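K.L.:
what would the 3D arrangement of this be:
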Amino acid sequence: MAPAARAALVLALVALAAALMTAWFSWQHRPVPLASSEVDTPRTGESAAAGNARSDHSDHGATSATDTSVTSAPTARAARTGASGEVVVDVAGRVARPGVVRLPAGARVVDAIERAGGVLPGTDTTGLALARLLVDGEQVLVDGKPGPARPGTAAGQPAGTGLGSAGSTAATGPIDLNAATAEELDGLPGVGPVLARRIVEWRTAHGPFRSPEQLAEVTGVGDKRLADLLPLLKV
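P.N.:
Numbering: from 1, shown residues only. Below you'll find the predicted structure:
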């Protein structure tokens, strides 16, 4: 072949080889579409993060609900005893100093009446529950109305006036301190079921009373009560 023809053939082969190499490199570095599984993988992580966020929110809601239930009990107690651990009540009616008084939590009706100066002379307090616990904001009305008649007391008469089952005996003469039953002693003024039982127990343990004055040896009988009972007793 002539030199010019051989040179042209070599150039053509070199150009063909270059074109093939360029095509091969282009094919190796072409964009490849991602598979669906590869696309969803990051979303799985996002879903986990979202799930954690929802879990945290749920935990926060549960904690809030627990906090609410825990704080509801102190709130109810504060409403009953006052915000500062005291009760404020209005004492009205037949007391020396009617008005609003402040007492420590756990105080009772009798404490409120004493803070108001006590009841006026001649006021009947049998209609009041003196041992009842006070509630913050309430009114204690001392109206002097008698409470229900005590068993062994005549209808329409205040308890302890000596007009019950033992009152009829007291009206006709003194009660025999050594022969009276606990029920009869209970009808005496200022003597309740507990003191009447103590008198009977003392009589059983020490023998008959030698004089009405010996009643002072019974626990619960003070000088004033003894002075009230002496005219109603005999031995």
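K.L.:
span of stretch 177-191 from start to end?
P.N.:
Using CA to CA, to the nearest Å, one end of stretch 177-191 lies 13 Å from the other.
K.L.:
try stretch 100-119
P.N.:
15 Å.
K.L.:
what comes into contact with that stretch?
P.N.:
81-82, 85-91, 94-99, 125, 128-134, 140, 142 (CB atoms under 8 Å, 6 or more residues apart in numbering). C-beta: built from backbone N, CA, C; applies to glycine.
K.L.:
buried only: go through these for me.
P.N.:
Among those, the ones that count as buried by 16 or more other CB atoms under 10 Å are 81-82, 87, 89, 91, 94-95, 98, 125, 128, 134, 140, 142.
K.L.:
now, these that are in strands?
P.N.:
The members of the buried ones among the contacts of stretch 100-119 that map onto strands under DSSP state E are 87, 89, 91, 140, 142.
K.L.:
re the thing from before, quick check: the farthest pair among the buried ones among the contacts of stretch 100-119?
P.N.:
The span of these, defined through CB to CB, is set by 81 and 94 at 27.0 Å.
K.L.:
what's the separation between the closest residue to residue 98 other than its chain neighbours and residue 141?
P.N.:
Leaving aside its sequence neighbours, residue 98 sits nearest to residue 92 (CB to CB, 6 or more residues apart in numbering; 5.1 Å). Note on residue 92: its distance to residue 141, by CB to CB, to the nearest Å, is 5 Å.
K.L.:
mind picking out the helix or strand in the protein with the poorest mean pLDDT?
P.N.:
helix 167-172 (a mean of 44; mean pLDDT, DSSP states H and E).
K.L.:
quick revisit: and which of the buried ones among the contacts of stretch 100-119 is nearest to residue 173?
P.N.:
Nearest to residue 173 among the buried ones among the contacts of stretch 100-119: residue 125, at 30.7 Å, using CB to CB.
K.L.:
quick check: buried residues in the helix or strand containing residue 227?
P.N.:
Assigned by DSSP states H and E, residue 227 belongs to helix 223-229. Residues of helix 223-229 classed as buried: 225-226, 229 (neighbour count, 16+ other CB under 10 Å).
K.L.:
distance to residue 174 for those residues - can I get that in a markdown table?
P.N.:
Output for the buried residues of helix 223-229, formatted as a markdown table (distance: CB to CB, whole Å):
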| residue | distance to residue 174 |
| --- | --- |
| 225 | 16 |
| 226 | 14 |
| 229 | 10 |
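K.L.:
closest one of those residues to residue 188?
P.N.:
The closest of those to residue 188 turns out to be residue 229 (CB to CB; 6.1 Å).
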